[in-house]
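Novice: after the sequence you'll find the predicted model.
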Amino acid sequence: MIGYVTVGTNNIDRAAIFYDALFATLGAARAFDTDGFIAWSTGPSAPAFSVTKPFDGQAATVGNGVMIAIALSSTDKVDAFYAKALELGGSDEGAPGMRLDNFYAGYFRDLDGNKLNAFCFIRD
């Protein structure tokens, strides 16, 4: 149902380096790339994640309560994705672990303070 999500950045070059390396761990590559907008995806019909300089020319700010969740297939992949985000300069918002009976997630912020998580469902 979700086609793509977009977060703002105040430094498109720095965001590009962060997300190129982070999304490479998922096999995602740039689907669109302009001076002020970059989107990554795993394929032409897959959802995308994008960063942009705000259209109104104002500074990008973090949305209070906004979080982007990245669905992964295993706890090992969640752990690796979270670790990569921190290695690239992201900040911890909650180490990977069980949150509910079958929900495993790790939370972090990117270089602009946008909150993301990587998660998977544990199935019997």
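Specialist: Here it is on my side, so go on. Numbers count the residues shown, from 1 in each chain.
Novice: which parts of the one helix or strand Thr6 maps to are buried?
Specialist: Using DSSP states H and E, Thr6 maps to strand 4-8. For strand 4-8, a neighbour-count test (16 or more other C-beta atoms under 10 Å) marks Val5, Val7, Gly8 as buried. In this view, the C-beta of every residue, glycine as well, is placed from N, C-alpha and C.
Novice: pretty sure the first one is touching Phe49, no?
Specialist: Yes: with contact defined as C-beta atoms under 8 Å, Val5 and Phe49 form a contacting pair (5.8 Å).
Novice: what do those two both touch?
Specialist: Ile68 (C-beta atoms under 8 Å, 6 or more residues apart in numbering).
Novice: what about the protein, any weak spots by pLDDT?
Specialist: Applying pLDDT under 70 to the chain flags the ranges 124.
Novice: one more time with 90
Specialist: 1-2, 35, 44, 55, 62-65, 100-101, 123-124 (pLDDT under 90).
Novice: mind naming the longest strand for it?
Specialist: strand 91-100 (DSSP state E).
Novice: I would like the residues contacting that strand, please.
Specialist: Against strand 91-100 from outside (C-beta under 8 Å, 6+ apart): 75, 78-79, 82, 86, 104-109, 115, 117-118, 122.
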